[in-house]
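K.L.:
Sharing a model prediction with you, sequence too.
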Amino acid sequence: MAAAPGGSAPPAGPGPRLAFSTADSGVGMSGLNPGPAVPMKDHDAIKLFVGQIPRGLDEQDLKPLFEEFGRIYELTVLKDRLTGLHKGCAFLTYCARDSALKAQSALHEQKTLPGMNRPIQVKPAASEGRGEDRKLFVGMLGKQQGEEDVRRLFQPFGHIEECTVLRSPDGTSKGCAFVKFGSQGEAQAAIQGLHGSRTMSGASSSLVVKLADTDRERALRRMQQMAGQLGAFHPTPLPLGACGAYTTAILQHQAALLAAAQGPGLGQVAAVAAQMQHVAAFSLVAAPLLPTAANTSPGGSGPGALPGLPAPMGVNGFGSLTPQTNGQPGSDTLYNNGLSPYPAQSPGVADPLQQAYAGIQHYAGPEGCNLFIYHLPQEFGDAELIQTFLPFGAVVSAKVFVDRATNQSKCFGFVSFDNPTSAQTAIQAMNGFQIGMKRLKVQLKRPKDANRPY
DNA sequence: TTGGATT
């Protein structure tokens, strides 16, 4: 759990050099049992790193120096893993948080131990985490739960330094929060005590309590989101077997529509259906252009250049797509789905590529552009959803809702287009479309504030 | 049966 700042910590197990560990104190093997009672550590205790210790001093020698600030829970001199040599530093945990704070202010850089030429260091160990290790992400909150509710929930586990419920610009909760505790131990206790422990009212599954993303993870997440967006513009080519059956079924459905097309309202649907067959061809074209980590562009900007943002990747990718689009007669609508370097945009809709480049999230298009699809086959994923709806217009996003616990589709999802006409066309074509025993239900997504009394 | 979210 606790790594030495230098990167190597001694094994935490019982050993002759482990002096004041509670784990050992009852065993009596070291003979250094500090007292009759097994010390208990407060849940908000802080593990301290102690540096600039003379190599000649072991736990027993150090104990008196630190004991004057409070009862010691654990004191461990760090040894080299291989040689067993004293590394000149130690980890120190007092039973009480307060003792640690007192020791830190009294000793840190305040005195120099004999034989050392730099003053002693006493500060929270790196493992205590300056931030991320004590900060929790809390998911599956009820939308009506505010900071106070979250605080009440987490209070029993320690001192809460920060508590923020994430909200959309309009102020509605996103159903998640950040909670920062005073120590890593408290944060861990809260995870243990709360994760999955209950389901908040209005939440679709049990409470999620986990360590918040580190900066690095956040960056990665942003990259993935961006890749996902590009993926929606370049529909993910599936291994042929993965959705072939569905694609075939859809093509048959479209063919039937074509044959039946009579009224003026269906003309558009039929025209779109006629383009369905290009989907497969398109996927093959797009395959080598997908922004996967393995796809190192000829210009040499590989995955190593990730933080540099997708410009080189995007430029190369879309640039090389151009000849292909030109070579596909009769596929204007298809290739105008934000894929061409010169997309035909609806008025007032920003270039999706630029939005992706800017890292803007837009799960949903404008009002009237977002579909809610229910009765999806269990095995339908995002990719199948994209493929199914791509023919009707520029798909801005497609998401199948998945139960996190089981990883199973909840059999509904969302598809967003960049314009309402595409959405209507898709409803016309796909609502009621039969797959297996089920019929797809395709309708406009309910706006966020629907059902809300005014 | 209406976006599982990361300051």
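P.N.:
Looks like it came in fine. Just so it is clear, the structure is predicted and the values come from calculations on it, not from any experiment.
K.L.:
Residue A:169: neighbour count?
P.N.:
5 (other Cβ atoms under 10 Å). Glycine gets a C-beta too; all of them are placed from N, C-alpha and C.
K.L.:
what secondary structure does it sit in?
P.N.:
Here residue A:169 is recorded as coil under DSSP: H, G, I helix; E, B strand; the rest coil.
K.L.:
List the contacts of it.
P.N.:
Neighbouring residues of residue A:169 by Cβ atoms under 8 Å, 6 or more residues apart in numbering: there are none.
K.L.:
Report the buried residues of stretch A:61-74.
P.N.:
When neighbours are counted by 16 or more other Cβ atoms under 10 Å, the buried residues of stretch A:61-74 are found to be A:62-63, A:65-67, A:69-74.
K.L.:
So which of these belong to helices?
P.N.:
A:62-63, A:65-67 (DSSP state H).
K.L.:
Over to residue A:429. Which of the three states is it?
P.N.:
Relying on three-state DSSP, one would call residue A:429 helix.
K.L.:
do residue A:102 as well
P.N.:
What three-state DSSP gives for residue A:102 is helix.
K.L.:
re earlier: could you dump the ones in helices among the buried residues of stretch A:61-74 into CSV and include pLDDT and distance to DNA strand B?
P.N.:
As requested, these are arranged in CSV below (pLDDT from 0 to 100; distance: Cβ to the nearest atom of the strand, whole Å):
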residue, pLDDT, distance to DNA strand B
A:62, 97, 35
A:63, 97, 37
A:65, 96, 36
A:66, 97, 32
A:67, 97, 36
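K.L.:
ok, of these, which one's closest to residue A:366?
P.N.:
Distance to residue A:366 across these (Cβ to Cβ) is lowest for residue A:66, with 63.4 Å.
K.L.:
Touching, the closest one and residue A:103? I think so.
P.N.:
Yes. Here residue A:66 reaches residue A:103: they are 6.0 Å apart, a contact under Cβ atoms under 8 Å.
K.L.:
which neighbours do the two share?
P.N.:
Counting by Cβ under 8 Å, 6+ apart, the common neighbours of residue A:66 and residue A:103 are A:92, A:94.
K.L.:
what's around residue A:396, how many residues?
P.N.:
Counted with other Cβ under 10 Å, residue A:396 comes out at 26.
K.L.:
Please read the previous query as pertaining to residue A:82.
P.N.:
For residue A:82, the neighbour count with other Cβ under 10 Å is 7.
K.L.:
how about residue A:410, secondary structure?
P.N.:
strand.
K.L.:
what does the one 4 residues further on give?
P.N.:
Recorded secondary structure, residue A:414: strand (three-state DSSP).
K.L.:
coming back round to it: now, the most widely separated pair of the ones in helices among the buried residues of stretch A:61-74?
P.N.:
Farthest pair in those, by Cβ to Cβ: A:62 and A:67, 9.3 Å.
K.L.:
Helices of chain A, residue ranges please.
P.N.:
Ranges of helices in chain A, per DSSP H, are A:22-25, A:59-67, A:97-107, A:147-154, A:184-194, A:215-233, A:240-260, A:264-275, A:278-286, A:311-326, A:332-335, A:352-357, A:382-389, A:420-430.
K.L.:
thinking again about what came up before, would you list the ones in helices among the buried residues of stretch A:61-74 in a markdown table and tack on distance to residue A:85?
P.N.:
As requested, those are exported to a markdown table (distance: Cβ to Cβ, whole Å):
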| residue | distance to residue A:85 |
| --- | --- |
| A:62 | 17 |
| A:63 | 21 |
| A:65 | 21 |
| A:66 | 22 |
| A:67 | 26 |
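K.L.:
nearest to residue A:120, of the residues you listed?
P.N.:
Distances from residue A:120 to these, taken as Cβ to Cβ, are shortest for residue A:65 (8.8 Å).
K.L.:
pLDDT weak spots in the stretch 301-450 of chain A?
P.N.:
Scanning the stretch 301-450 of chain A for pLDDT under 70 picks out the ranges A:301-364, A:448-450.
K.L.:
So which bits of it are right by DNA strand B?
P.N.:
A:361, A:363-364, A:370, A:372, A:374, A:397-399, A:401, A:403-405, A:410, A:412, A:414, A:416, A:441, A:443, A:445-446, A:448 (Cβ under 7 Å from any atom of the strand).
K.L.:
For burial, what's the neighbour tally of residue A:191?
P.N.:
Residue A:191: 17 neighbours (other Cβ under 10 Å).
K.L.:
in the sheet, who's paired with the nearest residue to it once chain neighbours are set aside?
P.N.:
Nearest residue to residue A:191, sequence neighbours excluded (Cβ to Cβ, 6 or more residues apart in numbering): residue A:209, at 5.0 Å. On the basis of DSSP bridges, residue A:209 is bridged to residue A:138.
K.L.:
Show me which residues of the stretch 51-200 of chain A sit near DNA strand B.
P.N.:
Counting by Cβ under 7 Å from any atom of the strand, the stretch 51-200 of chain A comes close to DNA strand B at A:135, A:137, A:139-140, A:162, A:164, A:166, A:174-176, A:178, A:180.
K.L.:
which of the residues you listed are buried?
P.N.:
Buried among those by 16+ other Cβ under 10 Å: A:135, A:139-140, A:175-176, A:178, A:180.
K.L.:
CSV for the residues you listed, including distance to residue A:146 and pLDDT?
P.N.:
Output for those, formatted as CSV (distance: Cβ to Cβ, whole Å; pLDDT from 0 to 100):
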residue, distance to residue A:146, pLDDT
A:135, 19, 94
A:139, 16, 96
A:140, 15, 96
A:175, 12, 95
A:176, 13, 96
A:178, 14, 96
A:180, 17, 95
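K.L.:
Out of these, which comes closest to residue A:155?
P.N.:
Nearest to residue A:155 out of these is residue A:180 (Cβ to Cβ; 13.2 Å).
K.L.:
List the residues that contact that closest one.
P.N.:
For residue A:180, the contact set (Cβ under 8 Å, 6+ apart) comprises A:131, A:134-136, A:160-163, A:187.
K.L.:
Restricted to strands, list the residues you listed.
P.N.:
Assigned to strands by DSSP state E, the following of those qualify: A:135-136, A:160-163.
K.L.:
for these, which one is nearest DNA strand B?
P.N.:
DNA strand B lies nearest to residue A:135 out of the ones in strands among the contacts of residue A:180, by Cβ to the nearest atom of the strand, at 4.4 Å.
K.L.:
Quick check, the closest one in contact with residue A:214.
P.N.:
No. Assessed by Cβ under 8 Å, residue A:135 is found out of contact with residue A:214, at 9.3 Å.
K.L.:
Can you give me the distance of the nearest residue to residue A:198 once chain neighbours are set aside to DNA strand B?
P.N.:
Spatial nearest neighbour of residue A:198, excluding adjacent residues (Cβ to Cβ, 6+ apart): residue A:207 at 5.7 Å. Relative to DNA strand B, residue A:207 is positioned 8 Å away (Cβ to the nearest atom of the strand, to the nearest Å).
K.L.:
I appreciate the help and will end here.
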